[in-house]
Every structure is written in C-alpha cells, then in structure tokens.
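J.: From the sequence below, what's the structure:
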Amino acid sequence: MIFIRIIEPDFFSLHNMERTIRFYKNAKHEWYADIPEWGGAIEDLQMVEGADELLNWITAGENECTLLMADEHIENAEILDLVYAREENLGGGGDYLLEKFREEFKNHKIWLCSVTEFVFKQLPERIYFKVLG
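T.: Have a look, this model is predicted:
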C-alpha cells in the first residue's frame, strides 16, 4: 500500500502580493494612501519624505491617482529598490530608491513607513508599480 501525503502550500509563498492603491491629496495638499482596512491612525497613511514628490510627478497636477503595486515583476512597471530597512524608532518601514522614472534618471530616495509591511505582509526588497489612473 502506498500512502500519498498532500501538503498544502502556503498561499503567500506561491503568490506575489499585488495590490491596487488609490492615493489622494487632502485640502492641505498632503498626499495619503487610501487603505480602508488600516486600523491605525490616518497620519500613518500620509505620504512624505519623497513619496509625496513621486505622486506629484505621477499626477502632474491632479489630486489623485491609482497605482498597481507588487513585490514581483509587473510588465512595464517602475521599480523601487530597498536600500535601508529602518528601525521602529526611526519610523519603521524602509528607504527605497527610484533610479529611473518614465525612462528618465532620477536617483530619488523615498521612505515608505511600516504600513508597507502591513500591505505586503513583509518589507519587499523591490516594489514594482504602474499607474492605472
């Protein structure tokens, strides 16, 4: 008699994390991520330290946009590379580098706080993103 043991794979180990996130400007022209399931303070969702600048480039004067973001390759996507994982006392999350944006050299540093870990279930070494609207 032969016994076959079926092992159920961990969902997250086989599937990349891909997420569509809406970003918007408030009345004070500050950028925020729209993540309804976030249970923390709204201030945690504010885009600062370079991320706000990137959103200004993406929107070219508009007040909102939607990005497809993933921790694995997306065709024709922009790429953020993790250069430093911050300790909690420095805000957590990580500092990322956007080397190029729309084929133009930028070498732009962006801090993405610990909400990034909430979204991706980890701090990705690389984040791919593309504009949906």
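J.: Name the nearest residue to Leu112, sequence neighbours excluded.
T.: Once flanking residues are discounted, Leu112 sits nearest to Gly93: 5.0 Å by C-beta to C-beta, 6 or more residues apart in numbering. C-beta: built from backbone N, CA, C; applies to glycine.
J.: Was I right to think that neighbour contacts Val115?
T.: Yes: with contact defined as C-beta atoms under 8 Å, Gly93 counts as touching Val115 (7.2 Å).
J.: Looking at the two, which is more packed in?
T.: More neighbours surround Gly93 than the other of Gly93 and Val115, with 21 against 18 (other C-beta atoms under 10 Å).
J.: Quick check: the gap between the more buried one and Val119.
T.: 11 Å (C-beta to C-beta, to the nearest Å).
J.: Could you do Asp34 as well?
T.: Here Asp34 is placed at a distance of 12 Å from Val119 (C-beta to C-beta).
J.: Buried residues in the helix or strand containing Asn107, which are they?
T.: Asn107 belongs to strand 104-112 when assigned by DSSP states H and E. Using 16 or more other C-beta atoms under 10 Å as the test for burial, strand 104-112 gives His108, Ile110, Trp111, Leu112.
J.: Ala60: which of the residues you listed is nearest?
T.: Distance to Ala60, by C-beta to C-beta, is smallest for His108 among the buried residues of strand 104-112, at 16.0 Å.
J.: Contacts only, for that closest one.
T.: For His108, the contact set (C-beta atoms under 8 Å, 6 or more residues apart in numbering) comprises Gly50, Glu53, Leu54, Leu97, Leu98, Phe101.
J.: What distance do you get for the first one to Asn76?
T.: Think Gly50. 22 Å.
J.: For the protein, which residues score under the pLDDT cut-off?
T.: Within the chain, the segments meeting pLDDT under 70 span 1-15, 133.
J.: can you map out the helices along it?
T.: In the chain, the helices defined using DSSP state H lie at 11-14, 51-59, 115-120.
J.: nearest to Leu67, of the ones you listed?
T.: Closest among these, once you apply C-beta to C-beta, is helix 51-59, at 7.6 Å.
J.: which strands and helices sit next to that closest one?
T.: If contacts are counted by 3 or more C-beta pairs under 8 Å, 6 or more residues apart in numbering; DSSP states H and E, helix 51-59 sits against strand 31-34, strand 64-70, strand 94-101, strand 104-112.
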